[in-house]
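Chemist: Can you look at this prediction? I've put the sequence above it.
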Amino acid sequence: MSLSPASMLEREIYGRRSGKRGPEGLIMTISVAPFAVAEPRNGTIRDKLQHYLPRLVLAPSFLLVLVFVYGFNLWTLFLSFTNSKAFASSTLVGLANYQKLWTWTFETDPPSSWYTALVNMGIFGGLYVSICLVLGLTLAILLDQKIRGEGILRPIYLYPLALSFIVTGTAWKLFLDPRIGLEKAVHDWGWTSFHFDWVVNPRMMIYCVAIAAIWQTSGFVMAMFLAGLRGVDGEILKAAQIDGASAFATYWRIVIPIMRPVFLSALIILTHMAIKSYDLVLSVTGKNPGGAAELPSTFMYSYTFTRNQMAVGSTSAVIMLMTIAAIMVPYLYSELREKNR
Amino acid sequence: MKVRSILMASAMAVGAVGFANGASAADNKEVQMLHWWTSGGEAAALNVLKQDLAKEGYTWKDVPIAGGGGEGAMTALKAMVAAGNPPTASQILGYYAVDYAEAGKLGDITALATKEDWAKVVPTALQKFTTTNGKWDAVPVNIHSVNWVWLNKSVMDKIGGTEPKTFDDFLALLAKAKAAGVIPLALGGQPWQEATMFDSVVMSTGGPDFYKKAFVDLDESALKSDTMKKSFDNLAKLREFVDPNYAGRDWNLATAMVIKGDALVQVMGDWAKGEFKAANKEAGKDFLCYRFPGTDGSVIYNTDMFAMFDVSADRKGAQLALADATMSPSFQSAFNVVKGSVPARMDVPDTAFDMCGKKGIADVKAANADGKFVGSMAQNYAQPPAIAGAYHDVVTKFFHGEIKSSDAAVTELDKAINAAK
């Protein structure tokens, strides 16, 4: 039996109702538990097994990650310094590929595909992450008011996540298509001056991608926050109530700061989803008309696999990785260091 | 107990697989074929080939990957070849075949080609993709051409239009349709579709010699010439006749607009005919096919090929059988009647084809004789994928107004092509 992330979260939420653990348990229990094994005190087989079993069980996945994530990261880095075209080659060309992308970064009239990709990443990533966080938190707080029917409402918000991005993208493309979707429906209802053609306007397409992505993921973020809210100690809230804090102040000053670790996990999940989103862009925009719906991921794929310029594709992948690292590493560092203090 | 029985069972299964491999190693009768002809009509067309091979005792194993353009298939193929486990043959397009040949991944079927004298019956320009240094390593299945226009006949009758012979005629016809309240030009605003249409516009504006100089030779003076500028201006004129919702539309939806009579005409390769056929429309009665105005006599081609990979000796027999069966006139005729394209052999009788197919076959023969048979730039038959991709970028950016003038467009085209070289 396998559980989808959504249903695991559901269990997490149910489990938290009575539990007293802090919200940081959500991510920390997963990574900490395997190492929290005591050293063997005596030489019985059982103790030895207990000592080595966790390492033994972790070894295959550790090896797989080492080779298939970090190994291939290094391989991509190597390719970015070569002149690889259709197939990988080992002829080194130095920084030529980086120079090419660097020049393209500043070509704005007409915009180069790489420039468009970066701008779109900024627009899409910024909107997607911030709106998902705000919407997710708001929904979670509203659902946390002990309302009736929470059991029905929660899955309704959560289940868009069960769809694949292709399905979401195609559905939203059809829904927003002025000829058959929203615009036509509103016209049929009598509001004939209504105009909404973003999905067929290359300059506005990226916003449609953001709308579809937010629709898909904000419920998931809501579930994460809900799990966090359920973990907040009721005693603290009662104390705040006795001190006469308003509901707004309680959330703003007490609950949200306590949930900082949830923000961290939500932010990491959303950021990586934004950066790797590929199928959604293609299905909403219809293969990049006008070259205006490019994202770094589509750029990387098209150069590596369609245009047989593997070296340029690898270079863009390396730049993507470095950019993410530049944003995430300091953030992770500050968050995790604070906790260790 | 239970564990032991599972172990036993899996040991037996491994043994059985090993035995099966051992048995087939002597002479492998299996044709492993990677292709993306999975939709109804195409799959049926390919069935003809499967049956031909079955008669000779060869079994067929698909390595199918869904998706019309074959991007996913190309990636899968690359992985198989890189892992040293190529299929017997794979459907392949344009310069991708050249890439595999240059990387030394393709086999050699020259003996068969010489025996059957393929060099005489396959159009000369096309042999660039099926041979490497005079060595045959691929077989062409069909010839598509992109310089066609497809019109709805009842709409044409309603607006009283006649066959446009020149680009200006074409504009006049489109204007007539616009005045009658029909969408004149059904276009899918995706980079490859716009670039495919631009192939025809360049041919119409500059003629076959200019086309060859600019796109096949990549002559810089031709790329930056006034003729190229005029081609972009002509493309901009066509932009006036599309409906506002064209951006991102799939090509078959654009064809459907013509089939339903919502639009007058689509500029598209002859694979569009398959859509008309699937809707039970008849050439000449329900729809009309003309060469793109001003390109009559020339053929801008693309072709589907089967690349023959360098396989182990025991699989060579099956490979040759596949190549032979693919080049047989009966298969070429049967397959292409269904597919909408024309046979890659010029000696196949046209009796089974409709009027568009008959015209296509005659055009290929004439164009090959006159040196007007040229590869499509948009479809990777004039230049490698890197340059074709740069071409797509410039054309689509111009068509959607990111590049604002034809002056800027030719500068960008030259720059993009140089960067991709």
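Modeler: Great, that's in hand.
Chemist: drop to CA atoms for contacts and neighbour counts, all remaining ones
Modeler: Fine.
Chemist: Identify the residues contacting the nearest residue to residue B:341 once chain neighbours are set aside.
Modeler: Distance criterion Cα to Cα, 6 or more residues apart in numbering or on different chains; nearest residue to residue B:341, sequence neighbours excluded, is residue B:144 at 5.0 Å. Contacts were defined as Cα atoms under 8 Å, 6 or more residues apart in numbering or on different chains; by that measure residue B:144 touches B:269-271, B:301-303, B:341-342.
Chemist: Which helix or which strand is home to residue 98?
Modeler: Using chain A here. helix A:96-105 (DSSP states H and E).
Chemist: right idea, wrong chain: chain B
Modeler: helix B:94-102.
Chemist: buried stuff in that helix?
Modeler: B:94-101 (16 or more other Cα atoms under 10 Å in any protein chain shown).
Chemist: picking that back up, would you list the buried entries among the contacts of residue B:144?
Modeler: Counted by 16+ other Cα under 10 Å, those give B:269-270, B:301-303, B:341-342 as buried.
Chemist: Now the element after the helix or strand containing residue A:238, going C-ward?
Modeler: Using DSSP H and E, residue A:238 sits within helix A:234-242. Note on helix A:234-242: by DSSP H and E, the next helix or strand toward the C-terminus is helix A:247-249.
Chemist: Other residues contacting that following helix?
Modeler: Applying Cα under 8 Å, 6+ apart, the set of residues contacting helix A:247-249 is empty.
Chemist: Check residue A:324 and give its pLDDT.
Modeler: Residue A:324 is assigned 83 on the pLDDT scale.
Chemist: check the buried residues of helix B:94-102 against chain A, which are close?
Modeler: Restricting the buried residues of helix B:94-102 to those touching chain A (Cα under 8 Å from any Cα of the partner chain) yields residue B:99.
Chemist: And the buried residues of helix B:94-102, which is closest to residue B:190?
Modeler: Lowest distance from residue B:190 to the buried residues of helix B:94-102 (Cα to Cα) belongs to residue B:94, with 19.9 Å.
Chemist: Quick check, that closest one in contact with residue B:376.
Modeler: No - contact criterion Cα atoms under 8 Å: residue B:94 and residue B:376 do not qualify, at 9.2 Å.
Chemist: hey, where'd the helices end up in the stretch 1-150 of chain A?
Modeler: For the stretch 1-150 of chain A, the helices defined by DSSP state H, counting those that start in this stretch cover A:5-16, A:25-32, A:45-65, A:72-79, A:96-105, A:113-143, A:150-158.
Chemist: now, of these, which is deepest in the fold?
Modeler: Across those, the average number of neighbours (mean count of other Cα atoms under 10 Å in any protein chain shown) peaks for helix A:113-143, which reaches a mean of 20.
Chemist: got the buried residues for the helix holding residue A:238?
Modeler: A:237, A:240.
Chemist: try stretch A:291-306
Modeler: Within stretch A:291-306, the residues that count as buried by 16+ other Cα under 10 Å are A:291-306.
Chemist: out of those residues, who's nearest residue B:251?
Modeler: For these, the nearest to residue B:251 is residue A:291 (17.2 Å; Cα to Cα).
Chemist: where does residue B:301 fall, phi/psi-wise?
Modeler: Main-chain dihedrals, residue B:301, degrees, to the nearest 10: phi -100, psi 160.
Chemist: And for the one 5 residues further on?
Modeler: Summarising the backbone geometry of residue B:306 under the convention degrees, to the nearest 10, its torsions are phi -110, psi 110.
Chemist: what's the burial count for it?
Modeler: Residue B:306 has 24 neighbouring residues, counting by other Cα atoms under 10 Å in any protein chain shown.
Chemist: Quick one: residues contacting it.
Modeler: Applying Cα under 8 Å, 6+ apart, the residues near residue B:306 are B:89-92, B:138-141.
Chemist: Now the stretch 201-350 of chain B against chain A: closest residue?
Modeler: residue B:248 (4.2 Å; Cα to the nearest Cα).
Chemist: Not counting sequence-adjacent ones, nearest residue to that residue?
Modeler: residue A:286 (4.2 Å).
Chemist: Excluding chain neighbours, what is closest to the closest residue to chain B within the stretch 51-200 of chain A?
Modeler: Nearest to chain B in the stretch 51-200 of chain A, going by Cα to the nearest Cα, is residue A:200, at a distance of 5.0 Å. With Cα to Cα, 6+ apart as the criterion, residue A:200 has its nearest non-adjacent residue at 5.0 Å, and that residue is residue B:247.
Chemist: Name whatever forms a beta bridge with the one you found.
Modeler: Using DSSP bridges, the beta-bridge partners of residue B:247 come out as residue B:189.
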